[in-house]
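Q: the sequence isn't on hand, but the structure is:
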């Protein structure tokens, strides 16, 4: 086994889970829809399901609030 592979696995040979920041990056790439299949399969094996659900909900809420704010700004800008 190479050194990188040893670092990515725990003592039992299981892959380590991503941190919350790494999960956030994976969710962002997923929302953009630009991810290589190698990265996707690595993410799938290493993502913590709880982190994934939380970050997915947070990203969705941020996206919706950004759309609402942009719509309100455009409506206010063009009606004033």
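A: Cool, the structure landed. This structure is a prediction, so every number in the text was calculated from the model and none was measured.
Q: max-length helix in the chain?
A: For the chain, the helix with the greatest residue count under DSSP state H is helix 49-79.
Q: that one - contacts with which helices or strands?
A: Applying 3 or more C-beta pairs under 8 Å, 6 or more residues apart in numbering; DSSP states H and E, one finds that helix 49-79 contacts helix 20-32. Quick note: C-beta positions are derived from backbone N, CA and C, even for glycine.
Q: now the helix it packs on: average pLDDT?
A: Over the span of helix 20-32, the pLDDT mean works out to 86.
Q: could you tell me the angle between it and helix 49-79?
A: 50 degrees (axes from the mean of the first three to the mean of the last three C-alpha atoms, to 10 degrees).
Q: next, the buried residues of whichever helix or strand comes after helix 20-32.
A: Remark: after helix 20-32, the chain's next helix or strand is helix 37-46, criterion DSSP states H and E. For helix 37-46, burial by neighbour count (16 or more other C-beta atoms under 10 Å) applies to 42, 43, 46.
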